[in-house]
Structure formats: C-alpha cells, structure tokens
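Peer 1: Below: sequence and its predicted model.
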Amino acid sequence: MKKRIFLILAGSIVIVLFVLIRIGVWNSRGGFTEFIRGQRAPSLTIENRDASLRDGAGPACAVLVRIDAGKPVNTVDPEFISFAIDSSQLVGGKWWNPKADRVEMGGGEKHAPVFNFNDPRMDALARGLAPAYLRIGGTEADKVYYDMESDGKEKKAPPAGYESLMNRTHWDAAAGFAARNGLKLVFTLNTGPSSRKPDGSWDAANAESLLAYAAKRGQRVAMWELGNELNLFWYAYGPSKTVSPAQYDRDLASLRALVKKYHPESLCTGQGSAVWPVLGEPLGLLFGTMAPYLERAGKSFDVVSWHYYPQQSRRGPVGSRRAYPARLLEPDYLDEAEYWGSRIVKLRGEFAPGKPVWLGETGNAQYGGEPGLSNVYIAGLWWLDQLGLLARNGHSVVVRQTLCGSDYGMIDQDTRVPRPDYWNSLIWKRLMGRGACGVHVEGEGVSKVRAYAHEAAGGGTCALVINLHHARNAAVSFPGMKEGRVMMYVMNAPDVLGGDLLLNGTKLALAADGSLPAIQGTTLDLKAGSPITLRPLSYAFIRFQ
C-alpha cells in the first residue's frame, strides 16, 4: 500500500513538473533545452583580448557580400537610434546597484542619483546623437506620483501606494534638456496599481495634472506612453494586479481624451511588452499581453512597441540566458532579435496595420547590464548587429537603455566619458542613411560574418561588416559594387573587454574642451574582386560612392 501511495505521489509530482515546464516554455524559441543551456557558460572563451589587432590564425574566411542597392527593403525614422533615461534616474527611485555584488529584486534596490540634465557635457553628447527620441520610462514609471505644485525644495514623501515623487523641477529639467538638444520627448505614464481605482480602472487625475502643466508651459511631448511592461505586472505586483485587455482599452481611451485636450499634436500609445530571449513573454500562456492588447486596442496605438534584451546580468533573480563575454558571438543568439521582432511586425500587420514598430527598450543585458561586458568594446558587435537586423526588418526606431546610467549606458554616469556604444551610435548616425538595403552573404564561415547596408547619408551606399570569428580573419568582397575609391571606417580595440575604441587606429575621445572629434575615414582604392580584410572581432563601415 505504501509503495502504491509513493508511486502515485511520485507520478503526480512528475506530471505537475511536466505541466509547469510546458507552461513556462510555451511559445518559446528552443524550449526547455535552450533555457537550461542559457544558464551555463558558453563553451567559447576569449583568450586573446587583443584579438581585433592581430591577424587571425590560418586562412581567412572568404565571403561575398551582395548588396541590392535598388529600392530599400525598409525605411527607418531619422530618430532610428534613440535612447532613454530611466524613470528612476529622473526621480531618484530604486534602481540597480553599481557594485552588482548580489541579486536584486524588482527594478533594483539602490536609489539612483537624480540625473543632472543641466550638465553642459551631457548636452553636447546628447546633441551629437540628435535627432533622437528621449524616452523616460522603465519599471519605476508605474510607481511615480506627479506633484506639479512642488518645486522640490521641501522634501516630501509620495502619497500612500506610490514609491517615488516627481516634482516640477524634475520635469522641467528633463523637458528643457530634450528641447535644447534636438530631442523628442517620450514619457511613460504610471498605470501601475498606485494609479488605479478600487474597481481596477485607471485614475487619470494625477496624469492630467502633468499634461495640463506641460501644456501651460508650452512643453512639447512627442508621445505619451501608458505604462511599462504590463505583461510583467504579475511578477512585479502579484497576479491580482494584472490588467485585462478590455480594461486597458478603456484606459487608453481615457488617455487619448487627455492628450487630445492638452497636447493634440502628441502621439499616444500603449505599453511595450517585455520579450525575453528563449521564452518570449515570460509565462506568456497565462500572462501574455502583446497579442491580446493589440487585438483589442491596436487601433488606439500610434506606435507598436516591444522591449528586448538578448541576455540577463548577474543582478537578476531569474534569467533565460545569462550574460557572458562570448555569449553573443553565437550567430543564433543574435538572430533571435529578428525572430521576435518579426513576430511583433506580424502582429502589427494583423491588428494595427500601418503603425510604426519600435523596439522601445533594449540594452546589452537586462537588470542594468553586465559589469565588464555591457560597457566595453565587445558589446558593440551585438549593438550594431541588432541595429542592422531590425532596420531591415520593419522597425522604425530602436531605443537604447540608457543614454547614461548603469552598466548598459552609452556614457559612464560618473565620469561622463563616452563608452564604445556611444561612438558606435554616433558613427552609424553619421554614415548610415534611412533606407535599409537587401544584403546576401555567401561563402565560408558565413554565419560568423554579418553584413548590412543602407543608403549612405549624403549619397551612395554604406555597408557594415562585422567579423564574429574570434581567431580568423574575414576576406570580404562586394561583387556588383562599383570599383574605385571607398571610404573605410575600421573599428577595433587594444582590449576587446576594455573601454577603448579605435577608429582606423586612432582612439576615439572627446577633445579637451569636451567637443566631439571629427569622424574621418581613410580612402581605399578598391579593385573589382579585391577583398577587404577584417581581423577577428573587428568591424568596419565601408562607404561606396
């Protein structure tokens, strides 16, 4: 009898575990096996940290890159590369501990310093990336109370239920920063539990006080976004605090009425769901929001937005793919952004036809970025590759988390020194135009040589080629492109896990007065059929006239 009971219990446990696993990996890419793989370090390690300055071992991989320089496959916005300042930085809310010495819950456990929007160096750096959208959002956005009567001189606690307070000094600083630097402001409004009435509907009164204040001051807001990652409310606040598609549709209608009243020129859009590598929307079978929200309210969205990080840092309690230096040298992991992005584009086509698609939040690693990885040279291979993938795949804008702040920021928050991905973004903006061209890559080791092309800013065609091989050169030819002089912008580093970035052998750095340097290429006389050689873990922009 005891043996029978034991077998029944054991069998029940196995069945329950099986069901839980099936729920967890429902609609995933790679299933449970890939999830387990994502918890382990990759087999590849980076042994030669100066690899991008050395010739690779053995023969180079011979690759042909064929560019269709005719009609673009997609046209991105002038603000294609945009960036964020987290809501926690705006108000001094809880965010990620710079030490990254333990697991943190929620959106972080250490209060962020209030961002200094009046720093002249930050003005110059932000202006260098204009035109761009400046998104202020993140987990803390759904916990903020707007006190537009306060100037912040008297310290006040937020009302019960809220965790942070935004005063008019905070708001004026952010709005002024955007206005004087050629940025278009996107603001994420609180739609969390603190902003809801007992019946679960959105209480728009506090948001209305902000919209009215901004309108009275003549402050332009390009887009108001209602909430952040509602598909994770079950995790952040508990399953009882999730918001149904029907309720959210009514909430959006309330916001639209406010925007029409106070800011008729502004766009109005819904939340962007968090999409994780491997899993898609976590526990999407139970709490997935993207499809049902768009089905119900897609016509009310001016922009279809989603959020994605390709890996998770050590800070987070849960991760579907943990961050390691060589993790994103695996082409399949890079391609995952295109996989999920294509699904969002398809949903847009079904429920919000004609609306632009944004990757509304992204960074090298979720939970503040991975120290020593998200803020160094090698992260740039991922960043530029993801930009290339999404530009050709129906996306209009990509919003980088963050301009400055934590390990995934493009600028060091303490020194205000640009990190490699700031320079990568600046060079992309200077060279790559709006039209993304079709590209076909052929040859040996083709999966490790990534190639993209755009109509060049100012005329011609600009290609981007990335060599993911850690120990082999890539010999890249461009059949069909006109021979003659091309401009080369070759990027490498003395240490692929360091913070320096070399452009044609010269370290990129601000001038003594804090101004940006000239971005200058070198001329190469390219003969028909002659290859361009890229060393391991290096990349280059090549501009054809």
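Peer 2: Perfect, thanks for sending it.

Peer 1: Can you give me the neighbour number for Gly298?
Peer 2: Gly298 has 19 neighbours, counted by other C-beta atoms under 10 Å. The C-beta positions use only the backbone N, C-alpha and C, and glycine is treated the same way.

Peer 1: can I assume it is in contact with Gly354?
Peer 2: No - contact between Gly298 and Gly354 fails when scored by C-beta atoms under 8 Å: they sit 10.5 Å apart.

Peer 1: Quick check: pLDDT value at the residue nearest to the spatial centre of the chain.
Peer 2: Among the residues of the chain, the one closest to the centroid is Thr362, at 1.5 Å (C-alpha atoms, centre = their mean). Note on Thr362: pLDDT of 98.

Peer 1: Run through the residues that contact it.
Peer 2: 307-309, 386, 398-401 (C-beta atoms under 8 Å, 6 or more residues apart in numbering).

Peer 1: Kindly reformat the residues you listed as a markdown table containing secondary structure and distance to Met491.
Peer 2: Shown next, in a markdown table, are the contacts of Thr362 (DSSP: H, G, I helix; E, B strand; the rest coil; distance: C-beta to C-beta, whole Å):
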| residue | secondary structure | distance to Met491 |
| --- | --- | --- |
| His307 | strand | 27 |
| Tyr308 | strand | 24 |
| Tyr309 | coil | 23 |
| Gln386 | helix | 16 |
| Val398 | strand | 19 |
| Val399 | strand | 23 |
| Arg400 | strand | 18 |
| Gln401 | strand | 22 |
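
Peer 1: from the residues you listed, which is closest to Arg343?
Peer 2: Tyr308 (11.1 Å; C-beta to C-beta).

Peer 1: sec struct for the residue lying closest to that closest one once chain neighbours are set aside, please.
Peer 2: The shortest distance from Tyr308 to any residue other than its chain neighbours is 4.8 Å, reached at Val275 (C-beta to C-beta, 6 or more residues apart in numbering). Three-state assignment for Val275 (DSSP: H, G, I helix; E, B strand; the rest coil): strand.

Peer 1: Can you give me the separation between Val275 and Ile542?
Peer 2: Here the distance between Val275 and Ile542 works out to 32 Å (C-beta to C-beta, to the nearest Å).

Peer 1: Please report phi then psi for Arg434.
Peer 2: phi -80, psi -30 (degrees, to the nearest 10).

Peer 1: Now do the same contact list for it.
Peer 2: So Arg434 contacts 72, 75-78, 80, 454-455 (C-beta under 8 Å, 6+ apart).

Peer 1: Now that we have those, can you turn them into TSV and tack on neighbour count?
Peer 2: Below are the contacts of Arg434 laid out as TSV (neighbours: other C-beta atoms under 10 Å):
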residue	neighbour count
Pro72	19
Thr75	15
Val76	24
Asp77	18
Pro78	13
Phe80	26
His454	30
Glu455	18
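
Peer 1: can you list those in a markdown table and add distance to Met487?
Peer 2: A markdown table is the format used below for the contacts of Arg434 (distance: C-beta to C-beta, whole Å):
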| residue | distance to Met487 |
| --- | --- |
| Pro72 | 21 |
| Thr75 | 23 |
| Val76 | 21 |
| Asp77 | 25 |
| Pro78 | 22 |
| Phe80 | 21 |
| His454 | 14 |
| Glu455 | 15 |
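
Peer 1: tally of neighbours for Lys216?
Peer 2: As a measure of burial, Lys216 has 10 neighbours, counting by other C-beta under 10 Å.

Peer 1: residues making contact with whichever strand or helix holds it?
Peer 2: Per DSSP states H and E, Lys216 falls inside helix 205-217. Applying C-beta under 8 Å, 6+ apart, the contact partners of helix 205-217 are 145-146, 148, 166, 168, 171-172, 175, 189-190, 195, 221, 224, 255, 258-259, 261-263.
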